[in-house]
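Trainee: kindly generate the corresponding structure for this input.
(chains A, B, C and D)
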2 protein chains.
Amino acid sequence: MAKLADPISVRKNYLLSDLPAKEFDRLLPHLIPVTLKLGQVLYESGDRMDYAYFPTTAIVSLLYIMENGATAEIGVVGNDGILGIALFMGGDTTPNRAVIQSAGEGFKISSKDLMTEFSLGGKFHDLLLRYTQALITQISQTAVCNRLHSVEQQLCRWLLLSHDRLSSDKLVMTHDLISNMLGVRREGVTLAARKLSDKNLIKNSRGTITLLDRLGLEQAVCECYQVVSDEYNRLLDRGVARTFA
Amino acid sequence: MAKLADPISVRKNYLLSDLPAKEFDRLLPHLIPVTLKLGQVLYESGDRMDYAYFPTTAIVSLLYIMENGATAEIGVVGNDGILGIALFMGGDTTPNRAVIQSAGEGFKISSKDLMTEFSLGGKFHDLLLRYTQALITQISQTAVCNRLHSVEQQLCRWLLLSHDRLSSDKLVMTHDLISNMLGVRREGVTLAARKLSDKNLIKNSRGTITLLDRLGLEQAVCECYQVVSDEYNRLLDRGVARTFA
DNA sequence: AAAAGATTGTGCGATATCGCACATACTAAG
DNA sequence: CTTAGTATGTGCGATATCGCACAATCTTTT
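Mentor: Next comes the predicted model:
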């Protein structure tokens, strides 16, 4: 018999930490620790999902891949959420790819064990649905932002969303990777990143972006970020938004 | 005591018609027929939702309104779905406006009565979650399409999505209104509409667009349409996509 | 230390969309 | 029939982004 996952690590995931003791204890034996490496793919578009994932320190990006290979991100999931929504929503698959955007740790649970607890209809059921509602807002706002805002604004939004889910001010991430997330050219990201750097909001170095002035970024970003952030707080009753560490 | 809603009309909404007899009969006394007029607003952004709506012949657009007044559509709901997802997902409000895009009929149900049936956890619970999953795909694809595709392609997609939820080939809709949905200029819609008209796919007349060649439109549209359409069919086990009437 | 590879910076013409101004055409009301 | 109002068509300069080519710089490997 495998030993239990470390409850302290498990609680780094907000969805799990918000559970009442009884449900938490029931889930604990089914949580399997996993190390998630940069670029690792959790789900491929259309894959049957055998596990759901609860990131603790990793960040995962939900991507859509076009037929011509172009990609665009529709949402980000970190220690605020869960990957594998389609399992309890009833789909078993989604037409998206889930890829690790920032390496770290997390836990996985088999779809069967997830569903067992979900169908009990307790706080877990309630929390997963509320989280899904918050994610819907994030996706919606991505749609709007893609339509109406500049690359620079979107980069701001993306940096803040990532920073919210990270315990560091350093984002290990090339412009090229970011461009795949935002669905724009790599040069566009380079340009936008330099503009932000010129304003002393971030520092660019090879393969890393360091946030220097979180409040400044929050002033430079479009309203989309705040809308999403507020909705997470409202629905999940906690602050995802971090102050500058 | 108000008399029961007409079961035949009620069944025009697929979510309701797919219910087993027992659940259907339980819901019927709580369904209140409503006439939905063009431009009518069902929910304003942030409103508490007192009712959920099941359109039968009306089409409803989910819009986001920016601070500067610019708008963009994130999804469309017709007789395939329900408005008021946030009620059972646990939010009570959403940061969107729901506005009638095509006049018609539908039914409403109080949030209390909706939740009573939802919490019984039967097919209704299951169907609403599956529908929400399908809607998430629609919103996601809107995000991707906004980023990567031309106005002409998006207009195609929008026309097909609307046509799927309509029993007519005539869309009563000005270019100006469509431009608000797509989040582009009115002139951009006029231009795109004429291109489609030049290809004999649609006919433009004042305030109305008539679909002439549905198959042609399906060939001109980006892959986004098919992805969403397939996902609705897969999740809800039915054809939303219509052939040309 | 040199070479190879990855990352970022820069330039430039092409294209799509925007914002605005205004002309034209259709529709409904008096 | 006329008029007012609404919808659509057209032109044009401004802007953002694209696609591509290639230079410069940093990192890792040999």
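Trainee: longest helix anywhere in chain A?
Mentor: Using DSSP state H to assign secondary structure, the helix with the most residues in chain A is helix A:123-148.
Trainee: could you report the neighbour count for residue A:234?
Mentor: The tally of other residues near residue A:234 (other C-beta atoms under 10 Å in any protein chain shown) stands at 17. (Each C-beta comes from the backbone N, C-alpha and C, glycine too.)
Trainee: so which helix or strand takes in the closest residue in space to it that isn't next to it in sequence?
Mentor: Among residues not flanking residue A:234 along the chain, residue B:91 sits closest, at 7.7 Å (C-beta to C-beta, 6 or more residues apart in numbering or on different chains). Residue B:91 belongs to no helix or strand when assigned by DSSP states H and E.
Trainee: distance check, residue B:91 against residue A:235.
Mentor: Distance, residue B:91 to residue A:235, by C-beta to C-beta, to the nearest Å: 6 Å.
Trainee: coming back round to it: quick one: residues contacting the residue nearest to residue A:234.
Mentor: Applying C-beta atoms under 8 Å, 6 or more residues apart in numbering or on different chains, we find residue B:91 in contact with A:130, A:133, A:234-235.
Trainee: ok, back up a step: can you list the buried residues in the longest helix of chain A?
Mentor: Across helix A:123-148, burial judged by 16 or more other C-beta atoms under 10 Å in any protein chain shown covers A:124-125, A:127-148.
Trainee: and for stretch A:11-26?
Mentor: Buried positions in stretch A:11-26, judged by neighbour count with 16+ other C-beta under 10 Å: A:12-16, A:18-19, A:23-24, A:26.
Trainee: end-to-end on it?
Mentor: Criterion C-alpha to C-alpha, to the nearest Å; first-to-last residue distance in stretch A:11-26 is 14 Å.
Trainee: that stretch vs chain B: in contact?
Mentor: No - on the criterion C-beta under 8 Å from any C-beta of the partner chain, stretch A:11-26 is out of touch with chain B, staying 12.9 Å away.
Trainee: neighbouring contacts of that stretch?
Mentor: Contact with stretch A:11-26 is made by A:7, A:10, A:27, A:31, A:54-57, A:79-82, A:106-107, A:117, A:120, A:122-124, A:127-128, A:131, A:236, A:238, A:240, as judged by C-beta under 8 Å, 6+ apart.
Trainee: if you average pLDDT over that stretch, what comes out?
Mentor: Stretch A:11-26 shows a mean pLDDT of 97.
Trainee: chain A: strands as residue ranges?
Mentor: Ranges of strands in chain A, per DSSP state E, are A:32-36, A:41-43, A:51-55, A:59-65, A:71-77, A:97-102, A:104-110, A:170-172, A:202-205, A:208-211.
Trainee: against which helices or strands is the second one packed?
Mentor: Packed against strand A:41-43, as judged by 3 or more C-beta pairs under 8 Å, 6 or more residues apart in numbering or on different chains; DSSP states H and E, are the following elements: strand A:97-102.
Trainee: please save the CA atoms from the strand it packs on in PDB.
Mentor: The C-alpha coordinates for strand A:97-102 follow below in PDB (Å, rounded to 0.1, in the frame of the first residue of the first chain):
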ATOM      1  CA  ARG A  97      -4.000  20.500 -25.000                       C
ATOM      2  CA  ALA A  98      -2.900  21.000 -21.400                       C
ATOM      3  CA  VAL A  99       0.800  21.700 -21.200                       C
ATOM      4  CA  ILE A 100       3.100  22.600 -18.300                       C
ATOM      5  CA  GLN A 101       4.000  26.300 -18.600                       C
ATOM      6  CA  SER A 102       6.000  26.400 -15.400                       C
END
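Trainee: partners of that strand in the sheet?
Mentor: In the sheet, strand A:97-102 lines up against strand A:41-43 (antiparallel), strand A:59-65 (antiparallel) (DSSP bridges).
Trainee: please identify the most buried of these.
Mentor: Mean neighbour count (mean count of other C-beta atoms under 10 Å in any protein chain shown) peaks for strand A:59-65 among the strands paired with strand A:97-102, with a mean of 24.
Trainee: format the CA atom coordinates belonging to stretch A:59-68 as CSV.
Mentor: The C-alpha trace of stretch A:59-68 is given here as CSV (Å, rounded to 0.1, in the frame of the first residue of the first chain):
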residue,chain,number,x,y,z
ILE,A,59,1.3,26.1,-13.8
VAL,A,60,-0.5,24.6,-16.6
SER,A,61,-1.7,26.2,-19.8
LEU,A,62,-4.8,25.2,-21.7
LEU,A,63,-4.0,25.5,-25.4
TYR,A,64,-5.9,25.1,-28.6
ILE,A,65,-3.9,24.0,-31.6
MET,A,66,-5.2,24.9,-35.0
GLU,A,67,-4.9,22.6,-38.0
ASN,A,68,-2.1,24.7,-39.4
